[in-house]
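Q: Kindly return the folded structure for what I paste below:
(2 chains)
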Protein chains: 2
Amino acid sequence: MMKRNETFMRSMMVLLLTLGSFLTQALPLDDAKQTVIENKQIKVTVNNKTGSFTVLEKESNHLWKDDPWIQTAGLLTIKNKGKIENLNISSSKKIEVKKEGNNKVAISFNNPSFDDGKVAEGIIIQTELRLADTDASLEVEVVSIEKGEHNITELRYPARAFSLETDVDKGAAVIPQKQGVICPSYISPMNGGSFCMWDDATYYKKTSGKLPLFNNGIGLTMPWWGTHTEKTAVIGIVDVSARPDMFFNINNNGQYLFNSKGVMSPYKRIAFLDPVWKVNRENERKLIRYEFIPKGTHVDMAKAYRKQAIKDGYFVSLKEKAERDPNVNKLQGAIYMGVYGGYPHYVEMPGMAFTFKELQDIILTTHDELGVDNAFFHAWGVFSNFVPNCWPINENLGGVKELKKAVDLTKKYGYLYSSYHAYSATLENDPEFNTDLFARDNEGKLKNTGSRWANIDQNKQLGLARKSLHKEIAALGLEADITDISFATFPDEDNTGLFNLAKYIDSLNLVNGTEHGQQQFIPFFDMFEGLTYLPNPNLVQFSHRAPLFNLVYHDAIAIFGKIQDPDNQISINGDFRVKSLRNILFGMGTTIFFSPYEFEGMKEMIQIANQVVSPVNRETFFAELTNHEYLSDDFKVQRSQFSSGTEVIVNMGPVKQTTKSGDVIPAYGYKVTFSDGKVSEGSFKLTFN
Amino acid sequence: MMKRNETFMRSMMVLLLTLGSFLTQALPLDDAKQTVIENKQIKVTVNNKTGSFTVLEKESNHLWKDDPWIQTAGLLTIKNKGKIENLNISSSKKIEVKKEGNNKVAISFNNPSFDDGKVAEGIIIQTELRLADTDASLEVEVVSIEKGEHNITELRYPARAFSLETDVDKGAAVIPQKQGVICPSYISPMNGGSFCMWDDATYYKKTSGKLPLFNNGIGLTMPWWGTHTEKTAVIGIVDVSARPDMFFNINNNGQYLFNSKGVMSPYKRIAFLDPVWKVNRENERKLIRYEFIPKGTHVDMAKAYRKQAIKDGYFVSLKEKAERDPNVNKLQGAIYMGVYGGYPHYVEMPGMAFTFKELQDIILTTHDELGVDNAFFHAWGVFSNFVPNCWPINENLGGVKELKKAVDLTKKYGYLYSSYHAYSATLENDPEFNTDLFARDNEGKLKNTGSRWANIDQNKQLGLARKSLHKEIAALGLEADITDISFATFPDEDNTGLFNLAKYIDSLNLVNGTEHGQQQFIPFFDMFEGLTYLPNPNLVQFSHRAPLFNLVYHDAIAIFGKIQDPDNQISINGDFRVKSLRNILFGMGTTIFFSPYEFEGMKEMIQIANQVVSPVNRETFFAELTNHEYLSDDFKVQRSQFSSGTEVIVNMGPVKQTTKSGDVIPAYGYKVTFSDGKVSEGSFKLTFN
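A: This is a model prediction of the structure:
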């Protein structure tokens, strides 16, 4: 009786609330079956039977549907007798949808069913949908999960919400993997690049999977993602305390759910991005806030997150950093020159090690012969010991005296210099290798035996830095420091050790760089060497690169290429031509990484970088990246704009194209309009003689 | 008593046999512990306790050791209560080593132990080592496996034999993955390329794994592999009836065996390649024949297999093929031009489809404006239906009349032409999609739902070809045919259906091409569009590409790039510069694959290919690739030689280098010496304006 009353009251409320919008929205009125909350911008309708919900974004009149395949609200992963099953929580024996006040709906899913129809007794999932009073924003929270006797590992919720129908919705899924990608939700007209692979992938497993947050490989660098059509966008921003994975399904028709059954999928191709909550991760709010943005694109999503990042304290501007340490200004337009002497992998490696006299020559040549205006030299291989013992300076290579001459040269030319430092690694081939510094688990087992660059306990890293870094600064008069690896990830554990190391390095008031980098460390660093797209064949095959990280953080941290994929190297990310064009488009600096014997072969590229990339990087260094667009059907022609007034158009393809505004951009060409109105145009050519 | 007598007799025999070589070889004489067979070139010593064996290659006096980690003879994979365990068969309760005659040793391993010490009762593995009378060759055969009550899946045997010790043995593991790679067994001096990744990988999981034979992805294209030091080589050739996987461990220290235990590996870094026999695959001889080659390299290995390939009937020379169909001569020096109209993925795809008039223009321009001497046009998108219905010719695009004009143009210029054909696929987006032609298993389930390009039953493919191909030949007067996909793999099943299709196509006496291709289909085809290295990040990261397939088959099949990785595209395999250099080095033709709107952007590359690649390909087309060497420490400078007398030296790196013979090869440059002694030199430059 009680229940019936509640349902009745709820229905009445819904009736009253929906009546207002009924005439304009013309949705079918079926109150007993749905529960509605709404404000001026959006209307959330919960299906009382399935517990799934739709969102109407009113300005665009776009209805974001619930799961178009099976109308599930969420998928619960249970390990059952060694087998992993994903339970449709909308199959629960009891689903209660309760409106609380005007803006909140509480939903509980009790006792979901296994595939074979058996009931998973004792499981209760409580969720809430909370509408903002006035914003177009909706909080979705998993409030609690009672597990009963079950081994529950994950909850995908909301599942397959905010999806795009392939080739019907002409938008994109937007994913901040590394620097960022967009995955268009349409195949036709052409999507550029490897079209065949793109189309095929939509029927294969590789267009779906799970990505973690904050790792050095395939992870997302920021805790948000979104989808947009041609007229509206939605971004989900994960609560700062939480650490879900992101499940992606890009234009896939779900065939992967049917292969084992030997039948074809009956579903349409769709694109969606779901949070996957780790059920056993406590001390977090399993909360994602969706913001709805009429006319939004990937740029608006990034800008929505930028506000959050500023709130969360991750954003400290380069301007502020340069005020504290004016040497930061030397990063403007700098070419990042990694001179690799075989170290840190080997000390005095034959064929690769350089003497400090040779290093001086390289610096001198860079200035005098190549005419480079700004550079940051990073010398790999100046110590007598293997990492993590970055001291003493190798006497066989020239000792402090000769290395200081090299450093003095960089100062004379207004360049920056750092030796290579790492405190996170001991190497198996080090004659003094031992496991004393390794991280251990509770049982005393070594934790990271399989990862030579991250085997040292994070809490022991500060001690290693303090052993020698101050000596080196004193001996060489350093103005900059690069500390490799430690900050390439943000492990899902107590990171006090890493923050202590970061704070110590920051306290030295040098120009600070680190490999890859994660947003949590931006306040302590001036440059990240990283965020490149590694050769992960998944997303790369059916996405276009987008400067999502830079749209949020360009004016907070200088981004260069990653040592594993420098601009001089031909890779899945392009050759020097394509990488240079992407550098000016995204507002990044050039990275050249070479062994001394290769320097001769780098000269031409260094000169071109100084002429093409550095001027743009110099002018935009402290500016916000305000806009980024794809101008051609094949996505090869793109434009970006900076708050400095700089505009960059590039064509990363082999074919001359004309933009809608009439700009003709040659193959591998660009047009830069500087803040003073001056225009610089050019293109790369492959010649043969 | 019987047993003791046998052992005694065996020891006596061993004593008598080994006495002869004792003085020269100075090996410890411990007859009760070992059993020896030997001939003039090699001496095989079986450890009676472990059943493992060593091989002394006498000319080089190199001892190929048994497993240097735990001296196992082999590893048996058992699924035990859902858990997979690898049993060391040298832990067997009883191991019998029996010499039979002068050249044979029979070994039996009875009742091996699980990790926890429990005995796997009822398992008996019988193997034989058989020495050739006079050759330096040793057959190793798994004669039988009694499984007892166990779920045995695989046997790695011999395990970790013929290994190289990293940085001590300066040789390589040689693997015919796709066109082929070598994996050097040393880190220093430099190995070129991404040195850091290379070194790190040796401690990570990615330097070990299993590769299958004959697939379209990561598989081996030929059933052999080998290792060599600086002074001697060994190749293992798998029996033609067998289908093992190959396990690789490249300079890895076996850390992957210890990560779960939380300790460091106590082993040295080594490189080895093992056959992994599928225990339940019957009707095969689990036989691998090792040939020992003093002073051998990857070239000698390939040449050893070439003999086998000729014996097995896979080798039919291009010369013979051209005698039967003189149009094969038109492939000499041809640029393979794939014109992609969005088909086979879509019919009349907006933005990509071309009219036959446009196709005529492209052909005309290629000849008149670009001056291309030889070309093979492959037009994707000329039919009104989706594959596998390659008929009728699309009237909307110009119909038979206009397409014939295009074909006639190719004939006029001495070019070849084929439309795109595939009989292996039905596509989900085809409006007439159904599963009628799908392969099904015994229960009627669809077998290949997850692979849209291989879902059609191979036995139905000939019927599909016969429906329309003859009509198209008649209508257009075709001289060439490309049939995609079907022959990209050699499935491990009855392949009668594929051979029937191949024979039918061959019977039409056209110039026949197919995607990727496998050696089993060489007799029926003139060109393979494929064998490129796909972006599999494993081997690619720590290997150097080697023309192993071409060392065996260059004069039997023309090899071009793969459509998924054409020479005009920048990929993990290089950009146009690097790919063109590799083409002339390996004796391959150029592949340009583009959508009509991109043609303008291809012109420069087509002209360069005609000038640089085609002349070499033309001269070497019918010639054997006789040699291939790495000339620089960074492996970037390489030389190849052909039986036509042609010699090619290329430098695929960005740095000018001088060879030991004094040739200066510029960055991205080459030097070709033609058979008439004429020298052609040049290099690619990146310019900017």
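Q: Would you map the helices across the stretch 201-350 of chain A?
A: In the stretch 201-350 of chain A, the segments counted as helices under DSSP state H, counting those that start in this stretch are A:298-311, A:318-324.
Q: Revised request: answer the last question for the stretch 451-600 of chain A.
A: A:461-476, A:496-507, A:537-541, A:548-553, A:576-586, A:599-620.
Q: can you pull the buried residues of the first one?
A: Of the residues in helix A:461-476, those scored as buried under the neighbour-count criterion (16 or more other Cβ atoms under 10 Å in any protein chain shown) are A:Gln461, A:Leu462, A:Gly463, A:Leu464, A:Ala465, A:Ser468, A:Leu469, A:Glu472, A:Ala475, A:Leu476. Any C-beta I mention is one placed from the backbone N, CA and C, and that applies to glycine too.
Q: And the second one, by the same measure?
A: Buried positions in helix A:496-507, judged by neighbour count with 16+ other Cβ under 10 Å: A:Gly497, A:Leu498, A:Phe499, A:Asn500, A:Leu501, A:Ala502, A:Tyr504, A:Ile505, A:Asp506.
Q: Include distance to chain B when you put these into CSV, please.
A: Shown next, in CSV, are the buried residues of helix A:496-507 (distance: Cβ to the nearest Cβ, whole Å):
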residue, distance to chain B
A:Gly497, 20
A:Leu498, 21
A:Phe499, 26
A:Asn500, 25
A:Leu501, 22
A:Ala502, 23
A:Tyr504, 26
A:Ile505, 22
A:Asp506, 27
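Q: Looking at the residues you listed, which two lie furthest apart in space?
A: Greatest spatial distance in those: A:Gly497 and A:Asp506, 14.9 Å, computed using Cβ to Cβ.
Q: Spell out which parts of the stretch 351-500 of chain A neighbour chain B.
A: Applying Cβ under 8 Å from any Cβ of the partner chain, we find that the stretch 351-500 of chain A lies next to chain B at A:351-352, A:428, A:435, A:440-441, A:443, A:445-447, A:449-453.
Q: Separate out the buried members of those residues.
A: Using 16+ other Cβ under 10 Å, the buried members of these are A:Met352, A:Leu446, A:Thr449, A:Gly450, A:Ser451, A:Arg452, A:Trp453.
Q: Can you get me a residue count around the nearest residue to the fourth one once chain neighbours are set aside?
A: Just to be clear, that refers to A:Gly450. Excluding the flanking residues, the one nearest A:Gly450 by Cβ to Cβ, 6 or more residues apart in numbering or on different chains is B:Asn259, at 4.3 Å. Look at B:Asn259: counted by other Cβ atoms under 10 Å in any protein chain shown, it has 17 neighbours.
Q: measure stretch A:91-105 end to end?
A: 19 Å (Cα to Cα, to the nearest Å).
Q: which other residues reach it?
A: Residues from elsewhere that reach stretch A:91-105 (Cβ atoms under 8 Å, 6 or more residues apart in numbering or on different chains): A:6, A:10, A:13-14, A:17, A:35, A:37, A:39, A:44, A:46, A:48-51, A:53, A:72, A:106-113, A:119, A:123, A:125, A:128-133.
Q: Next one: the closest residue to A:Arg243 other than its chain neighbours from chain B, what distance?
A: Nearest non-adjacent residue to A:Arg243, counting by Cβ to Cβ, 6+ apart: A:Asp492, 5.4 Å away. In this view, A:Asp492 and chain B are 19 Å apart by Cβ to the nearest Cβ, to the nearest Å.
Q: Check A:Val168 too.
A: 13 Å.
Q: again with A:Ser144
A: Relative to chain B, A:Ser144 is positioned 33 Å away (Cβ to the nearest Cβ).
Q: And for the residue of the stretch 51-200 of chain A found nearest chain B, the neighbour number?
A: For the stretch 51-200 of chain A and chain B, the shortest gap (Cβ to the nearest Cβ) falls at A:Pro189, measuring 3.7 Å. Counted with other Cβ under 10 Å, the burial measure for A:Pro189 works out to 14 neighbours.
Q: sec struct for it, please.
A: Secondary structure state of A:Pro189, per DSSP: H, G, I helix; E, B strand; the rest coil, is coil.
Q: Within the helices and strands, which one has the residue nearest to it when sequence neighbours are not counted?
A: Closest residue to A:Pro189 apart from its sequence neighbours, by Cβ to Cβ, 6+ apart: B:Gly351 at 3.7 Å. Using DSSP states H and E, B:Gly351 maps to neither a helix nor a strand.
Q: The nearest residue to A:Val511 once chain neighbours are set aside - how many residues pack around it?
A: Spatially, and ignoring its direct neighbours in sequence, A:Val511 is nearest to A:Ala480 (4.0 Å; Cβ to Cβ, 6+ apart). A:Ala480: 26 surrounding residues under other Cβ under 10 Å.
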